[in-house]
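>>> Provided below are the primary sequence and the corresponding predicted coordinates.
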Amino acid sequence: MLAHHVLFWLKADTTEEQQSAFRKGLESLQNIETVKHFHVGTPAPIERAVVDTTYTFSLVLFFEGMEGHDVYQVHDLHKAFLDEFRGLFEKVIIYDAN
C-alpha cells in the first residue's frame with residue numbers, strides 16, 4: 001500500500017461557499033479507479049503540542065502501490081480539481097508513505 005496524505009491551507013479570504021466547493025472537489029477524487037481507501041476531513045479539536053491544527057483540509061488516499069499513485073497524478077479528475085481550485089491554496093504539504 002502507498003498512503004498519499006495532502007494537507008491544504010486555504011487563503012484567509014476563502015468564503016464558506018468556496019470551502020464547500022473545495023470539499024466537494026476533494027470528494028470527487030475518490031472516483032479515481034486506483035484509489036482504494038479515501039478520507040477527507042478538517043482538523044480534529046485535539047489540543048496537544050504535537051498536533052498541528054492549522055490546516056484547512058486533509059486528504060488521505062491509499063493506493064495498492066506506486067503504479068496506482070502514478071495513474072492518480074495524471075488522471076483527468078485530479079487535473080480538473082487542480083485547475084479549478086489551485087487558486088485557493090495558500091500552502092500545500094504532501095506526505096507519501098509506503
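Perfect, I can see it now.

>>> okay, now the closest residue in space to G68 that isn't next to it in sequence: neighbour count?
For G68, ignoring the flanking residues on the chain, the nearest one in space by Cβ to Cβ, 6 or more residues apart in numbering is T34 at 3.5 Å. C-beta coordinates here come from the backbone N, C-alpha and C atoms, glycine included. T34 has 17 neighbours, counted by other Cβ atoms under 10 Å.

>>> so T34 makes contact with Q73?
No: with contact defined as Cβ atoms under 8 Å, T34 does not reach Q73; the gap is 10.0 Å.

>>> picking that back up, doesn't the residue nearest to G68 belong to a strand?
No: using DSSP: H, G, I helix; E, B strand; the rest coil, the secondary structure at T34 is coil, not a strand.

>>> show the model's pLDDT score for it.
For T34, the model assigns a pLDDT of 98.

>>> now it: phi and psi?
For T34, the backbone dihedrals are phi -90, psi -10 (criterion: degrees, to the nearest 10).

>>> likewise for A3?
For A3, the backbone dihedrals (degrees, to the nearest 10) come out as phi -100, psi 130.

>>> tell me the bridge partners for it.
Beta-bridge pairing of A3 under DSSP bridges involves F62, A97.

>>> hmm, back to that, any idea how far the residue nearest to G68 is from A97?
For T34, the distance to A97 equals 17 Å [Cβ to Cβ, to the nearest Å].

>>> show me what the helix or strand hosting K24 is packed against.
Under the criterion of DSSP states H and E, K24 resides in helix 16-28. Contacting helix 16-28 under the criterion 3 or more Cβ pairs under 8 Å, 6 or more residues apart in numbering; DSSP states H and E are the following elements: strand 2-10, strand 37-41, strand 57-63, helix 76-85.
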